[in-house]
Every structure is written in structure tokens, then in C-alpha cells.
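Novice: Predicted model, plus sequence, below.
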Amino acid sequence: MLVLRIKRTEKGEELPMRLTVTVLMVCLVLAHATLVTGAELQEIEHDQPDDVYVAGLKVRASADLEEDFVAAARRVLVEGTVGGDAVIAGEEVLFAGLVSDDIRAAGRTIEVRGEVGDHVVAAGSEVRLKEGSEIGAWASLAGTRVIVDGLVGGFLKIRANHAIVSGEINGDADVAAANISIREDTIINGDLIWRGENEPDISEGARIGGRIIEKPTGAGGGWPLPSTIGVVLTIGLTIGALVAFLTFPRSVGSIALVAIDRPIKAIGVGTAVLLLGPVVAILFLATVFGYVLGLFLGALYLLLLILAAIVSVFVLSDFLVTLFPENVDAADPLLRLVSILVVGTLLSASHLIPILGWLLGLTLAVTALGAILVTLNGIRRGDSSISMPVR
């Protein structure tokens, strides 16, 4: 677990999270900082007057944090007070306290139980604003399943497969989902704008102060489904890259080094395996004696694709670190963790541009796939040019 507390250089100076995590990287390199190493479960129990940055496996913040809180971990629990913005990436993210400003969260499961002073932007597999939660401004939520049971002070925007609304919305509700459910106790003081394959299931007891407006799927500036899927997948891969780095730093570092030093070879090998792998597996499946081997090769092929997709995020983050000046410690684990977050943010943003995100992701995944195989082959042959660098 790594905890970084950065002091503000001037009274009243702000580091708005809206500038994305790229700004955080610059601050990590240039600002005066204190680095603390802790256990697998790190509890922030003492009040913090400055910005707090945390990276690890499990984080629990029960103290009062007067400024911004940035965390990347497998599980993050916020029970105390955050005086500024909260920017969090993790497999499970739970907000049970007070966040005075914005929440920006990405993960598999995101849940807000407490109070948020400004707006919420969240993306994950399941995103939920629990009953009793209060959002001071607007909320923009994306995921496979999105549930809103709390109070949203402004407009609500949902992009999901399943969307359930049973809270109070003090503005318009813009919902795009295959299945939309407006529960009996729902209060929408503005318009209900919906897009989807099926008409929304609106209970008789639901109160909608404005109009019910149907718009074609993709109209009104909503994210197209491929972009939404791309963003959610990238978030998952970024979390996987964080876990891979925390668990096997030297292994993923060696693969990234091969991809950066031998990009042409990595792309060539990766492309060949990507195209020929299914063909070889199918040929074995078509024979009586090679059926079991075909199943094994098919499973191995899928496993390699998943690993390549995860490692691809780390490859690009490693390349980003090489662009830093020589006086910067490239082996600093905190710098590498933040670089992964930066790359995840950039890759997610690229999916908002049609085709670009998928093309970039495919190129990186093919490169990572080739680098994995080149690394494994080099280790098997005892190639001295392939090493396991200390990260």
C-alpha cells in the first residue's frame, strides 16, 4: 500500500480533479511529498489537512480529509469526510461518508450511500445510488446495471443495459437503456427522456412533473453502445493492469520492455497468433485424436487474449514513463501506478471518438500479445537480452 500526501504550495490553491489524472502525474513528480508504506489493508484514521493519494489492494478512509482524495485499489471504502473531490478506481468502491465536492469513480461495483455536495460521474458493471444518498447537483452514470434510489439535485443521465429509477430527481432524467424501470415511489420534477429497445416500465405511482419524451437510440448526444462498451471494458482492463502490477511487477515490466524495445517483432508475432490461433485450434477439433488438444489450444488462446488486453494498458503506461526526464525515478512504484491510471483515462476517452478507441486498443493488445510470447520464448531459450527488471 502506498499513501502520498501532497501539500498545497499556496493557501487556497486548488488542484481540480476535472483536469484529469494527467495533472496528478505532474504533481507527483514535481511536488514535495511524503511516501508511507503500509499493510494490505490501509486505514486512513487520522485527519489529513492536505491532498491524499492512495494506491494499494484495500483502502478504508474513516478520517476527515480536508482536500482531494485520489485512490486506486481493489476495494475502496470512504466512511469519513472528503473536503474536496474524490477520484477513485477500484473493483469495489463504496462511498458511505460525505464528499463535499465531486465524485468521479470507475470500477466493477460502485455504490454511493452518503452525501455528495456537487456532481457524480461513475462508470462500472453495477452503479447504485442507494436510498438515503443525496447528490447536490447532477449525476452521470454508465454501466451494465444502474440503480438510482436516492436524491439527485439536478439532472440525471444514465447509459446502461438495465436502468432502475426509484428516487427523486430534481431535473430531467435522460435514460438510455435496453430495459428501463421507473418504480412506484419515483419523483422526476423534469422531463423523462428515454431511448431503448423497449418502452420504459413506468409504475402508476411514479410522478413525472414534465413530459415523457422518446428519442431514437443514439440521439440527443448520448454515447453510442460501442463507445459505452469500450469505456467500461477499458476501465476493467485498467483495474486488471493495476492488480497485475501490484502482484507481478517484474513479469509485466519485462513484457512491457520487450514491447517497447522490439515493437515490430511484437506486432508481427501478435498478429500471426491472433489470426492463426483459432485456425489451428479448429483444425485439431476437427480430428478425433486432436479434439482434447484443440480444446486446450482454444482455452489457451482465450487466456492469452485476456492477458494481452490487460498487459496492453501497462505497455502504454511504461512507454509514457520513458518520456520523463532522466532525473525522474522511473522505478518509483507510485509513479508507475499513476501512469496506469493516466493511460486508462486516455484510453477510455479515446472510445468517445468512433472507431479510434477500438483501433488503438486492438493495436496495443496485438503488441502486448506478441511481447508476451516473445518474452516466454526468450526465457525458455535463456535469452540474456530478456530480463526481469526490478520495477
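Specialist: Noted; the coordinates are in hand.

Novice: Only C-alpha atoms from now on, for both contacts and neighbour counts.
Specialist: OK.

Novice: Could I have the CA atoms of stretch 140-147 written out in CSV?
Specialist: Listed in CSV are the C-alpha atoms of stretch 140-147, where the atom choice follows Å, rounded to 0.1, in the frame of the first residue of the first chain:
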residue,chain,number,x,y,z
SER,A,140,-24.0,10.9,-15.0
LEU,A,141,-23.9,7.1,-14.6
ALA,A,142,-22.9,4.4,-17.0
GLY,A,143,-22.8,0.6,-16.5
THR,A,144,-24.4,-2.7,-17.3
ARG,A,145,-26.9,-2.1,-14.4
VAL,A,146,-27.6,1.3,-12.9
ILE,A,147,-29.9,1.8,-10.0
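
Novice: Tell me which residues are up against that stretch.
Specialist: Residues lying outside stretch 140-147 but in contact with it, judged by Cα atoms under 8 Å, 6 or more residues apart in numbering, are 120-130, 156-166, 228, 232.

Novice: 7 Å instead?
Specialist: Residues from elsewhere that reach stretch 140-147, judged by Cα atoms under 7 Å, 6 or more residues apart in numbering: 120-129, 156-165.

Novice: now, which of those lie within strands?
Specialist: In this view, the contacts of stretch 140-147 that belong to strands under DSSP state E are 120-129, 156-165.

Novice: what residues go with each domain of the chain?
Specialist: 2-221, 225-381 (automatic domain parsing).

Novice: can you give me the helices for this protein?
Specialist: Counting by DSSP state H, the chain forms helices over residues 21-30, 225-247, 249-261, 263-285, 291-322, 333-350, 356-381, given from the N-terminal end onward.

Novice: now the longest one: mean pLDDT?
Specialist: This points to helix 291-322. Throughout helix 291-322, pLDDT has a mean value of 80.

Novice: Now do the buried residues in it.
Specialist: By neighbour count with 16 or more other Cα atoms under 10 Å, helix 291-322 contains the buried residues 291, 294, 297-298, 301, 304-319, 321.

Novice: Point out where the stretch 1-150 of the chain drops to low pLDDT.
Specialist: Judged by pLDDT under 70, the stretch 1-150 of the chain has its weakly predicted residues at 1-41, 55-56.

Novice: 90 instead, please
Specialist: Low-confidence segments of the stretch 1-150 of the chain, defined by pLDDT under 90, are located at 1-76, 80, 84-92, 101, 104-109, 121-126, 142-145.
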